[in-house]
Every structure is written in C-alpha cells, then in structure tokens.
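**Student:** Okay, sequence plus prediction incoming.
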Amino acid sequence: MSKGIVRFSASISHDLLTAFDRFIRDLNYSRSRAVQEAMRMFMDEHTWKHREGVLVFGTLNIFYDHETRELEESLTDIQHSYRELIISTLHIHVDERNCMLIISVKGESSRIKKLVDEIAGRKGVKQLKTVTFTI
Ligand code: NI
C-alpha cells in the first residue's frame, strides 16, 4: 500500500451496494475511484454550509408536490422573507402533480443555508438540490 492511501470499511445496505457496483461498472469505475469522487463532490457541495461570511451564488432546485396544502403559499412567503438573496425564480410544471422551482441566489453563506433549511423542511418538498459556487 502506498503512502497516503488508507483502507477503511463502512456499513451500507446490500441493495445500495449492489446498485452502486452495477452503476460504476457501466462507467468503468473502480469502487475506490467512485468513492473518492463521491467524497470530493459531497464536500464541494456542502463546504459553504460550514463557513460563515462567504459569498455564495448558485441555484436551489426544488422538486415538490404542488397538491400539498399551502406548500406553494409558504414557498412564496419564504421567498419574500429572503428577497435580498433572490435574483430570479423559474417555475416548471413537471407533470399533473409535481413542480420544480429553480431559485437563483446570491448572498452570504449562513443566510443562504437558512433559506435552504427552511425550504427543505416543508412537507411536500420531495427533493432539494443546490448548485453553488463560492467566490
Ligand atoms: Ni407548477
């Protein structure tokens, strides 16, 4: 084993590992390479959440059920509360039931984290993915 390389073990479900192995085999990745890339991507995505006072810009991509009672109203209310961060919003009607909201933001990291947490905590929000850059 070369210097700087370590082995570690982790516990995950059998189903997840099976799906992961199948997935990376199609990409011609080894487990080690895929896990390293996933760890770097994870840290890239979340680093700004641990740092206060950093200027962050990017998009919040929210996939939600528009039939959930009062969700759309509360998403609008939240956006009004954080309007100083929001550059623009794009609403996409995905199908009969689901919508996607893309909110472009620019502002201080801890404030954007609060906005993300408020939206993610709403009932009916199925997924929230952020694409962020720091400068
Ligand atoms: Ni819609």
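**Tutor:** All right, it came through fine. Numbering: from 1, shown residues only.
**Student:** quick one, longest helix in the protein?
**Tutor:** Secondary structure of the chain per DSSP state H: the longest helix is helix 31-46.
**Student:** The next helix-or-strand element following that helix near the ion anywhere?
**Tutor:** Using DSSP states H and E, the helix or strand that directly follows helix 31-46 along the chain is strand 55-65. No - in terms of CB under 5 Å from the ion, no part of strand 55-65 sits within range of the ion; the closest distance is 9.0 Å. Yep, even glycine has a C-beta here, placed from its N, CA and C like the rest.
**Student:** Strand 55-65: which residues count as buried?
**Tutor:** 56-62, 64 (16 or more other CB atoms under 10 Å).
**Student:** Which other helices and strands does the helix or strand following that strand contact?
**Tutor:** Toward the C-terminal end, the helix or strand that comes next after strand 55-65 (DSSP H and E) is helix 71-81. For helix 71-81, the packing partners by 3 or more CB pairs under 8 Å, 6 or more residues apart in numbering; DSSP states H and E come out as strand 55-65, strand 98-108, helix 109-120.
**Student:** how about 7 Å then?
**Tutor:** Counting contacts by 3 or more CB pairs under 7 Å, 6 or more residues apart in numbering; DSSP states H and E, helix 71-81 is packed against helix 109-120.
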